[in-house]
Structure formats: structure tokens, C-alpha cells
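Undergrad: no sequence on this one, just coordinates:
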């Protein structure tokens, strides 16, 4: 929903955006004793409701003075989300006819659970736009966000950004080139951030523990998860350079973008020594860098009265690497994080074949077995990285690769004939 009001000053207007969301799930189930091989019947009655709203206040101002165009935007917004759930699992109802409708009559309560999670996000933003003769463009903005999910004293962060663009085809030296429909060079810098953690993640949460106390079965609470009191936003600073082009009255068009992203304070779960009482902790860890190129092309190959054939092609490549971790430029083998490698890397022994029943392999295998190994013909041959004829995890494991593809590409061809269309994608 929205409402818009033009204010007395020329070019000034106010807009209110409001969004309300509700999502509900009713989860009912019943299993008869006849279906449980002589066990008692069981039932479940559960509900989950999510309520959310977004409220935005915006002020716009636009002005043109000769060949100059100006624009400004101010934004204040708030977003709130509440999710509550309640579930009960019971066994041994007095009659199958009750199904899940009278769980209070069950002789055994197998489990009861309830949750209530609330989070909110507040934002303030200012942006200015300027262009001269629709040829030179400038956009600059500043955003200031606060998230309830993060630690006290670390909830707020600012995001500056700017962008410049030059429509080269509007210059006099290209005016006579009719085949160039659009040629625009872009450069930009911006900061984005991520606060996608569970609500209350920065609190030391307690877990229910059931135990026997004398003749009673009671509930106690114990620390269940270690929290980071300094948990803050994961921020990414990105530079990008791009070119938009269109030739032959739009018959061939596309974009080329290259970028570099530097991410700080990554939100990741780090393994801890089990003797600490906890096995992991969500914290801000180190820095990563992403560099890549993205290319997209679109062409209209054939365009007649009844038939059209168009093609779209995209290709991208990205290199991700860890620049720094919580302990500086040192690898964290336990978590599988290595300086200069992607976060999701494969680490292990390099397999180079199978031991064969040949004089060369038997002689080589014996050198390993003399150092305590028990390799046999037909088993996997592992590469000895340091050449000491000992396979150890400290010296012979290595980064074998990563889960991210080196290149991603897609191509689609659209054929249209007299109201019929066929799309072929690969």
C-alpha cells in the first residue's frame, strides 16, 4: 500500500509505503495404533505464525535548470518481524476417533515446545542524483542501518556509495555513427552489509535439560551456546567498472562488468576445542576478496513479420580468496580455511592412482611400508608431497580445489512464429 502527496514546493513530494505480511502454518498429524505394529496411537498439533510489517517514509525532490537535472531522496524506514510457534506431540489417546483434536486426553505427552522470535531493522538514507544533458551522471548516497539481531554497541553501521556514468554516444564525435544506439561507461563504489543471524544470537542462550531429582523428573537450564558480545555487521566494499552498449538499433546489445569485493568481519561459525564446553561459536572472522567479470549479450538474429529469433548469452567468472583470519594470515586447518583459497575448499590427500602389481610400484610401495604403512596392490596411491615416504596429515594434505565453479555460462534462444514461441536454454 502507498500514499503520495505533492507538496507546495515545485518538484517536492512525499510518499508513504506500507507492507503487511502474515504467514501461518497449521501442522496436524495422527497415526493410528493399527498402523504402528501394536504400539499406541500418536498425534501432533502444531501452529506457527509469522507477522511482519515494513513502513517507509520518503521525500523526493526533482529540479531541472537548463541542461542540468537534479534529484534528491530521503528515506526513513522500519521493518519488524515476529514469529511464534507452539507444538505438542502426544501418545496413547483413548480413541482413534479423536485424531489430533483432543490431545489433552492423551495419557502420554511426548513433547511440548514453544518459541517466540522478534527482530527489527531501522534505516535512514539520503541520495542525490545529477546529470548534465543526459550525458554525464552522478549518484551519491549514504545509508545508516541498525539491526536488533546484533550485539549491543554494534547494531548500527553506515553504507556510503557513489556512481559515475558517461554516455559516450551523446558526444559530438559519435553523433554521426547511427549504428551506435547506446554506449555508456560506468564506475561505482559502494558498501553493503549483512546481518543475517538468528535473533538473540548475541545472547548466551540457555538450553533445557531434563533429569531425575529424587523421585521427580525435573527441568534445569544450562548454557547451550556460546555468544560473541562483539558480533557486528558483515560488510563488503565493492568497486565496479562497466560498459553498456547497443548497436544496429538494438539488434546487438550487452553489458560488460568487472568488479572487486573486499569483505570484512565475515559472519561464520568457528570451531572451538571441545574441552571449552562448546564446539563452535558464531563470530566475525577475517577478510575475503572476490574478483570477477560478468558479460551478457543479447542479439536479434532474425526479425520478420511472422518470425523472430533472438539469443541471450551470459558468462561470468569469479575468484574468491581468504585474505585474513581471526589469527592473522595463518591457516585454520580445523575449519578448513586457508589463506589465498576460497572459503568452501576441499582439503585432503591427493590421490594419484592405484598401486599396481608391477616391479616399479612394488619397489616404491615397499619404501612406504618400511616406514610403517600397510599399502597393498589395489589400494589407493596417495601423493607424497614432501618426498619422505611417509604419508602424514601434517605434511601431505593439501587444498585440492573448491566448490565454486571457475566459470558460469548460459545461452537461450527464443523462436517466435505467428503467436507460437519456443525457448531453448542451455
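TA: Done, it's in. What you see is a predicted model; the values in this text were computed from it and never measured.
Undergrad: which strands and helices sit next to the lengthiest helix in the chain?
TA: Ranked by residue count and defined by DSSP state H, the top helix of the chain is helix 359-369. The helices and strands touching helix 359-369, judged by 3 or more Cβ pairs under 8 Å, 6 or more residues apart in numbering; DSSP states H and E, number zero. Heads up, the C-betas are built off the backbone N, CA and C, glycines and all.
Undergrad: For residue 328, name its beta-bridge partners.
TA: Partner residues in beta bridges with residue 328, using DSSP bridges, are residue 325.
Undergrad: So what's the residue count around it?
TA: Residue 328 sits with 8 neighbouring residues when counted by other Cβ atoms under 10 Å.
Undergrad: just residue 325 next, same as before
TA: So residue 325, with other Cβ under 10 Å, has 21 neighbours.
Undergrad: which ones are touching it?
TA: Listed by Cβ atoms under 8 Å, 6 or more residues apart in numbering, the contact partners of residue 325 are 285-286, 331-332, 337, 339.
Undergrad: Mind giving me the PyMOL command for buried ones among these?
TA: Applying 16 or more other Cβ atoms under 10 Å to the contacts of residue 325, the buried members can be selected in PyMOL as follows:
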select buried, resi 285+286+331+332+337
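Undergrad: Roughly how far does residue 327 sit from residue 275?
TA: According to Cβ to Cβ, to the nearest Å, residue 327 stands 19 Å off from residue 275.
Undergrad: With neighbour numbers in mind, choose between these two.
TA: Higher neighbour count among residue 327 and residue 275: residue 327, with 10 against 6, using other Cβ under 10 Å.
Undergrad: any idea which of the contacts of residue 325 is the one closest to residue 261?
TA: The shortest approach to residue 261 among these belongs to residue 286, at 14.3 Å (Cβ to Cβ).
Undergrad: what secondary structure does that closest one sit in?
TA: strand (DSSP: H, G, I helix; E, B strand; the rest coil).
Undergrad: what's near enough to touch it?
TA: Residue 286 neighbours (Cβ under 8 Å, 6+ apart): 266, 322-326, 337.
Undergrad: got it, and residue 245?
TA: Residue 245 makes contact with 180, 182-184, 253-255 under the criterion Cβ under 8 Å, 6+ apart.
Undergrad: Give me the phi and psi angles of it.
TA: Main-chain dihedrals, residue 245, degrees, to the nearest 10: phi -140, psi 150.
Undergrad: partner residues bridging it?
TA: Beta bridges link residue 245 to residue 183, residue 254, judged by DSSP bridges.
Undergrad: Can we start the residue count at 6 from this point?
TA: Renumbered: residue one is now 6, and that last one reads residue 250.
Undergrad: And the pLDDT at it?
TA: Here the pLDDT value assigned to residue 250 is 94.
Undergrad: what's the answer for residue 101, then?
TA: Here, the pLDDT recorded for residue 101 equals 89.
Undergrad: same check, this time on residue 325
TA: At residue 325, pLDDT is 92.
Undergrad: pretty sure it is touching residue 268, no?
TA: No - counting by Cβ atoms under 8 Å, residue 325 stays clear of residue 268, with 9.4 Å between them.
Undergrad: wait, residue 319 sits on residue 412?
TA: No - look at residue 319 against residue 412 with Cβ under 8 Å: they stay out of range, at 11.0 Å.
Undergrad: neighbour-wise, which of the two wins?
TA: In this view residue 319 and residue 412 are compared by other Cβ under 10 Å, and residue 319 has more residues nearby, 16 against 8.
Undergrad: any idea which helix or strand carries that one?
TA: If you go by DSSP states H and E, residue 319 is part of strand 312-329.
Undergrad: Show the subsequent helix or strand relative to the longest helix of the chain.
TA: strand 385-387.
Undergrad: helices or strands up against that next one?
TA: Helices and strands touching strand 385-387, by 3+ Cβ pairs under 8 Å, 6+ apart, are strand 356-359.
Undergrad: Give me the contact list for the strand it packs on.
TA: Contact with strand 356-359 is made by 383-388, as judged by Cβ under 8 Å, 6+ apart.
Undergrad: Take those and lay them out in CSV including pLDDT, neighbour count and distance to residue 308.
TA: Below are the contacts of strand 356-359 laid out as CSV (pLDDT from 0 to 100; neighbours: other Cβ atoms under 10 Å; distance: Cβ to Cβ, whole Å):
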residue, pLDDT, neighbour count, distance to residue 308
383, 92, 9, 63
384, 91, 12, 63
385, 92, 11, 58
386, 92, 17, 59
387, 91, 19, 59
388, 91, 13, 57
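Undergrad: For residue 119, state which of these is nearest.
TA: Lowest distance from residue 119 to these (Cβ to Cβ) belongs to residue 385, with 51.0 Å.
Undergrad: contacting residues around that closest one?
TA: Contacts of residue 385 by Cβ under 8 Å, 6+ apart are 356, 358-360.
Undergrad: ok, so what distance separates it from residue 338?
TA: Counting by Cβ to Cβ, the gap from residue 385 to residue 338 is 22 Å.
Undergrad: what about the residue lying closest to residue 411 once chain neighbours are set aside, how many residues close to it?
TA: Leaving aside its sequence neighbours, residue 411 sits nearest to residue 322 (Cβ to Cβ, 6 or more residues apart in numbering; 6.3 Å). When neighbours are counted by other Cβ under 10 Å, residue 322 registers 14.
Undergrad: need the contact list for residue 34.
TA: 48-49, 105.
Undergrad: For it, give the beta-bridge partners.
TA: Beta bridges link residue 34 to residue 49 when assigned by DSSP bridges.
Undergrad: Thank you kindly, that will do.
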